[in-house]
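Engineer: My questions concern the predicted model and sequence given below.
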Amino acid sequence: MRRSAIIAPSSPRRALILAPLLGICLAQPAIAVEPANLVLDTTPISLNYLFPDKIDAKVVFSKYGQNPWGPVGSSGLDTGTRFLGLSFSEGDSVGGFTSVCDPTPFDLGCAYFGAKASFSGSGKAGIEYGLKLDGGALDIRYPVSISLDLPYAADGSGAPKIGEPFTIGSSWSVGNFKVLSKPGTQPAPLDPMLASHGPGLEAFVDLVGQASATVKGELCVGGCLPKSVGFNFDESPEVAALNRNGDGQIRAFGQPVSGQGELSGGIIQYDLKIPTLDAKGGLLPDKTLAASTQDKAIGLGLGIDEIVSALIGAPLSDSFGFNFAGKHIGVGYNLVEADAWLNMLLAQKLGFAGAPVVELEFSSPVQMLENGLWVDKGKTIAFNAGESVTLRAPGAQLLGVVPTYGLFGAASNDLDLKLEGELSVSALGLTSTIGDFGPLYSDKLSLGIGSLGIANENFAVNFEEVVGGAFNMAFLPWETYQTGTQYGALTFWDQGQWTPPPGSPCVGLVECSALAQSKVMGFFDLSRIRLPDCLADPDGCSESVLAELMRQLLALGPLEGRYLASGQRLNEEGGLDVFLNDLIGLEELVLAVQPDITQGEIDAANAALVARFGPQPFVVPPAPVPEPGTLALVATALAALHWRRRAGTVLLASRHRRQV
């Protein structure tokens, strides 16, 4: 995204700091259009934006298939082998030696007398575990409402004069939008969403018992006699394994198992599964998104009643019966049944914080007030949503504006390994063919043993910027004969995008303009076009007058021959435009959140959305300046509407010349 000195604020909920991006604001690239396909946008929202006092932009930023572990190139998480338990390493010695050396010139050496004993030992006991996560995906949808407050009152008063300073304020919120696929259809919600699709997993738990010790003794009577003894023990039996080293197996105590079962007559129990880390969450009051999930991976149980039964030599629960008249009649009892479990769970918490930015491209150069000084900004400025900027446009009486909206995002992914203990006891129960009785006592106790942090990832998320709808700003002349440049912004539909979806063709301008498509915009020198007064009349102008007006407009062409494209646009239920960076932002309509989602499934869902909402996003390569042609324009009410709404606010150069 092209920005200059934009610093996104940190999330108030988490320390997700978005680093500043330094660069130069550049104008949007030109697109190639076929002029004969263009139709002037005369929807109410577009006409209101000819000369508004406030801009309410609705933009949906979406990112699907984001790596949940950080930047590109980081495909997963590998903890390596970790240890949980007790370890020691000790050593000590007692005794000592004295020496007696020959003091004569013959130097016959030294003799040593005494005894010394030393001990050293080390070991550890506990469990070793490891976890490897490969792949997965993070999906984000962040619908934002951005308001731009312009320097006009609702009745059109308060317009600054040409070259005078003016302020553009801004505010933003995270919203819930409802869009229409066609007029009259049921609205589809576009809610904030944060979702994850579970990665592939490998995990293992090993019991570890290691010990080594050495005892050394040394006796010296003139000469020394050393002696040492020691032992070493090192065992690490596998307790549980899930797809260890990618072998695709689930094992308990070294034996392949189906997932749940018991060993040694029920004394040892196990519950092994590959956890599903699929989470889905939404918006918090501080404008952040959050989602969380947890799932058990390994459960190891101990049948306490089975142990007691083996020690006393009598069953604590049993059943017996007989067959009579082709039916089984039986009775069972349960004196005590008790199990103790140690469960290992994976818990994941996801977070996202966004900071929208606004970039404005003007039809004429502007200056910005920075630290008390006026700084030339060319035709493009950028600022954080929520901030205000003070500008002036020297020599401009009419100023066209094309806004572009961007989003700086930061995501967090916290993964913990939780250990939980569970004790369940039931006693005095009776079962029979005719009914059950009890148990008279039943209880379950859960205890959180601890949590181990496996991953704590914070990373930036990049979103495609979205071009919004154009608008205009007007300024008063200083004298009735003194005018400025009148470069205004016009918005068009491109009929080339109206290829109807299969089985659902659109009919007429109203219905076809409601399809998902990009708008076409351009800056025009309106001082060179004489606008007829009938443009502001409710009945409009005759076809011949409009045809002549459009011939002049096309012969003139946009400034620098540049046509611009907005983002993907849909109708909002309240009548406003909603701009998206991609149709996949509508994902939930046909694509359910599910694990191991593939790019092919995303592409198929996107194709289904195109079939329902209309054509693909309007993206074409740059091309030479188009030659003038014939435009099928419905109406234009640019300056004329402004004149009627704000009588006397701005005078076109053509009218000034007539007055002079």
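Structural biologist: In hand now; what should we look at?

Engineer: Need the distance between the two termini of stretch 279-292.
Structural biologist: 6 Å (C-alpha to C-alpha, to the nearest Å).

Engineer: Buried residues, that stretch. List them.
Structural biologist: Neighbour-count burial for stretch 279-292 flags 279-281, 283-284, 287-291 (criterion: 16 or more other C-beta atoms under 10 Å). C-betas here are computed from N, CA, C, even on glycine.

Engineer: Mind checking the pLDDT average for that stretch?
Structural biologist: In this model, stretch 279-292 has a mean pLDDT of 91.

Engineer: do the same with stretch 141-152
Structural biologist: The model assigns stretch 141-152 a mean pLDDT of 93.

Engineer: For that stretch, buried residues please.
Structural biologist: 141-146, 148, 150-152.

Engineer: what two of the buried residues of stretch 279-292 have the greatest distance between them?
Structural biologist: Ala279 and Lys287 (19.4 Å; C-beta to C-beta).

Engineer: follow-up on the earlier one: wait, which of the buried residues of stretch 141-152 is closest to Gly438?
Structural biologist: Checking the buried residues of stretch 141-152 one by one against Gly438 (C-beta to C-beta), the nearest turns out to be Arg141, at 51.8 Å.

Engineer: Show me what the one helix or strand that closest one maps to is packed up against.
Structural biologist: If you go by DSSP states H and E, Arg141 is part of strand 137-149. Packed against strand 137-149, as judged by 3 or more C-beta pairs under 8 Å, 6 or more residues apart in numbering; DSSP states H and E, are the following elements: strand 54-66, strand 166-174, strand 193-197, strand 327-362, strand 396-432.

Engineer: neighbouring strands for whichever helix or strand comes after the first one, and are they parallel or not?
Structural biologist: As assigned by DSSP H and E, the chain's next helix or strand after strand 54-66 is strand 76-101. Sheet pairing of strand 76-101 (DSSP bridges) gives strand 110-134 (antiparallel).

Engineer: Quick check: phi and psi on Gly266?
Structural biologist: phi 90, psi 0 (degrees, to the nearest 10).

Engineer: Pull the number of nearby residues for it.
Structural biologist: 17 (other C-beta atoms under 10 Å).

Engineer: show me what contacts it?
Structural biologist: Neighbouring residues of Gly266 by C-beta atoms under 8 Å, 6 or more residues apart in numbering: 303, 306.

Engineer: my guess is Ala340 meets Leu300, correct?
Structural biologist: No: counting by C-beta atoms under 8 Å, Ala340 does not reach Leu300; the two are 9.4 Å apart.

Engineer: tell me the angle the strand holding Arg141 makes with strand 54-66.
Structural biologist: Between strand 137-149 and strand 54-66, the angle comes out at 170 degrees (axes from the mean of the first three to the mean of the last three C-alpha atoms, to 10 degrees).

Engineer: Put the alpha carbons of strand 137-149 into PDB.
Structural biologist: Coordinates of each C-alpha in strand 137-149 appear next as PDB, following Å, rounded to 0.1, in the frame of the first residue of the first chain:
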ATOM      1  CA  ALA A 137      -5.200 -21.000   7.700                       C
ATOM      2  CA  LEU A 138      -6.500 -17.800   9.200                       C
ATOM      3  CA  ASP A 139      -9.500 -16.000   7.700                       C
ATOM      4  CA  ILE A 140     -10.300 -12.400   8.500                       C
ATOM      5  CA  ARG A 141     -13.300 -10.200   7.500                       C
ATOM      6  CA  TYR A 142     -13.200  -6.600   8.700                       C
ATOM      7  CA  PRO A 143     -16.100  -4.400   7.600                       C
ATOM      8  CA  VAL A 144     -15.400  -0.700   8.300                       C
ATOM      9  CA  SER A 145     -17.500   2.400   8.100                       C
ATOM     10  CA  ILE A 146     -15.400   5.500   7.400                       C
ATOM     11  CA  SER A 147     -16.900   9.000   7.600                       C
ATOM     12  CA  LEU A 148     -15.200  12.100   6.100                       C
ATOM     13  CA  ASP A 149     -16.500  15.400   7.300                       C
END
